[in-house]
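Novice: Starting from these lines, generate the structure:
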Amino acid sequence: MDTVSFTAAMARVPSPVTVVTTYGADGLPYGFTAGSFVSASLEPPLVLVCLDKGASTHPAFATTERFLVNVLGAGQQEVARRFAASGTDRFASGDMRPLEGGLPGLPDACARIACRLHSVLDAGDHTALLGRVEQTFTSERTPLVHVDRLFHRAVRDRPEPAGAAEGNALGSQPPMTERAFPLIFAERVGMTADFYELLGYTRQSQNPPQGEPTYIGMRRGSAEIAVVSTDWPRTQCGLAPGPGPRFEMFVLVDDLDTTLKQLTDAQVPVLRAPADMPWGERIAHVLDPDGNPVAVACSTHR
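Specialist: Reported below is the predicted structural model:
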């Protein structure tokens, strides 16, 4: 198995984003962003986290007695990036405080799991730290997820209602009486759906199921949109859409700067740079593939 194929496949596996901390024998705090963290056992309660053997923090963690796993929430991407960077003081921002077991912790983390080191296992070019859980903390914050080498906000999907029909290959839908959503007329339906995936929407349905789509239903939390071919109004109602822009979409995100970077990396044109609004939002405007303006915003009240 070549490493390129292996890493490409593993990039498709969603994983939690965690920052693991401890104190070294020198009394200094150490921390790293873990690429792998899982629950290993219920009885006794054990978790497993992996650390590169070449990491500067490896000696401290391989010999520690306790460590704390900080599970990051949506909007905390910069914490993950800081604790993954080399040659910097990862604790300089002062956002870590002595928490469970007196270990450095993030007060507004999605969850924290304090562990006593149970065993140290060899895992190829990594070391697997097996920790026995001694204390936990959870909050209502939405978890941060890493997949396809990008950070994403975890979506709390709604349960399938009793008696709902089966057969939707891409995802379940809420009850029909609770649904209302805009239709976006697109010259290139698939490309426009790709654009909205960058803003956190996921594909829920497609027609036709195979080949070039003329309709793609998408959802982001409880918000829904449908991307449809520009032929849709003509075939359904005998009408032709006028020249663009045909609408403006308003999308709230957790971290505007991170989202805007993802969009610009994907060659999405920026109409208006981020600006703070007096009503408590920071807003930027971009163009979707059909030339429609999309306002991307986050709250400035944090």
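
Novice: buried set for stretch 103-117?
Specialist: 103, 104, 105, 106, 109, 110, 111, 112, 113, 114, 115, 117 (16 or more other CB atoms under 10 Å). No exception for glycine: its C-beta is placed from N, CA and C like everyone else's.

Novice: And the fourth one, what's its pLDDT?
Specialist: Spelled out, that is residue 106. What the model reports as pLDDT for residue 106 is 94.

Novice: Contact partners for it?
Specialist: Residue 106 is in contact with 19, 70, 72, 76, 79, 95, 96, 97, 112, counting by CB atoms under 8 Å, 6 or more residues apart in numbering.

Novice: one more time with 7 Å
Specialist: 19, 70, 79, 95, 96 (CB atoms under 7 Å, 6 or more residues apart in numbering).

Novice: With the second one instead?
Specialist: Taking CB under 7 Å, 6+ apart as the criterion, residue 104 is in contact with 21, 29, 31, 68, 91, 96, 98.

Novice: next one: the first one
Specialist: If you count contacts by CB under 7 Å, 6+ apart, residue 103 has them with 21, 22, 23, 66, 67, 68, 114.

Novice: hang on, the earlier thing: now, which of the contacts of residue 104 lie within strands?
Specialist: Counting by DSSP state E, the part of the contacts of residue 104 found in strands is 21, 29, 31, 68, 98.

Novice: Could you report the pLDDT at residue 287?
Specialist: 88.

Novice: tell me the helices in the stretch 201-302 of the chain, going along the chain?
Specialist: Assigned by DSSP state H, counting those that start in this stretch, the stretch 201-302 of the chain shows helices spanning 232-237, 256-265.

Novice: from these, which stretch is densest packed?
Specialist: helix 256-265 (a mean of 16; mean count of other CB atoms under 10 Å).

Novice: Please save the CA atoms from it in CSV.
Specialist: Extracted C-alpha coordinates of helix 256-265, given in CSV (Å, rounded to 0.1, in the frame of the first residue of the first chain):
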residue,chain,number,x,y,z
LEU,A,256,-15.9,34.1,9.0
ASP,A,257,-12.1,34.4,8.3
THR,A,258,-11.7,30.6,8.1
THR,A,259,-14.7,30.2,5.8
LEU,A,260,-13.6,33.1,3.6
LYS,A,261,-10.1,31.5,3.2
GLN,A,262,-11.7,28.2,2.2
LEU,A,263,-13.8,30.0,-0.4
THR,A,264,-10.9,32.1,-1.8
ASP,A,265,-8.7,28.9,-1.9
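
Novice: May I have the phi/psi pair for residue 231?
Specialist: The phi and psi values for residue 231, taken as degrees, to the nearest 10, are phi -80, psi -10.

Novice: how close does the closest residue in space to it that isn't next to it in sequence get to residue 191?
Specialist: Leaving out its chain neighbours, the residue that sits closest to residue 231 by CB to CB, 6 or more residues apart in numbering is residue 214, at 7.1 Å. Look at residue 214 and residue 191: by CB to CB, to the nearest Å, they are 13 Å apart.

Novice: Ok, residue 219 next?
Specialist: Taken as CB to CB, the span from residue 219 to residue 191 is 19 Å.

Novice: and if you look at residue 38?
Specialist: Using CB to CB, which is the criterion applied here, residue 38 is 36 Å from residue 191.

Novice: How about residue 229?
Specialist: Applying CB to CB to residue 229 and residue 191 gives a distance of 12 Å.

Novice: who has more neighbours, the two?
Specialist: residue 229 (19 against 13; other CB atoms under 10 Å).

Novice: Contact partners for the more buried one?
Specialist: 186, 189, 214.

Novice: So residue 255 is in contact with residue 72, correct?
Specialist: No - contact criterion CB atoms under 7 Å: residue 255 and residue 72 do not qualify, at 11.8 Å.

Novice: the more surrounded of those two?
Specialist: For residue 255 versus residue 72, the count of surrounding residues by other CB under 10 Å is larger for residue 72: 27 against 18.

Novice: Backbone dihedrals for the more buried one, please?
Specialist: According to degrees, to the nearest 10, residue 72 has phi -80, psi 150.

Novice: so how far is stretch 76-96 from its chain's centroid?
Specialist: 18 Å (CA atoms, centre = their mean, to the nearest Å).

Novice: Out of the contacts of residue 103, which two sit at the greatest distance?
Specialist: Comparing all pairs in those by CB to CB, the longest separation belongs to 23 and 114, at 12.7 Å.

Novice: Quick one, which of the contacts of residue 104 are buried?
Specialist: Among these, those classed as buried by 16+ other CB under 10 Å are 21, 29, 31, 68, 91, 96.
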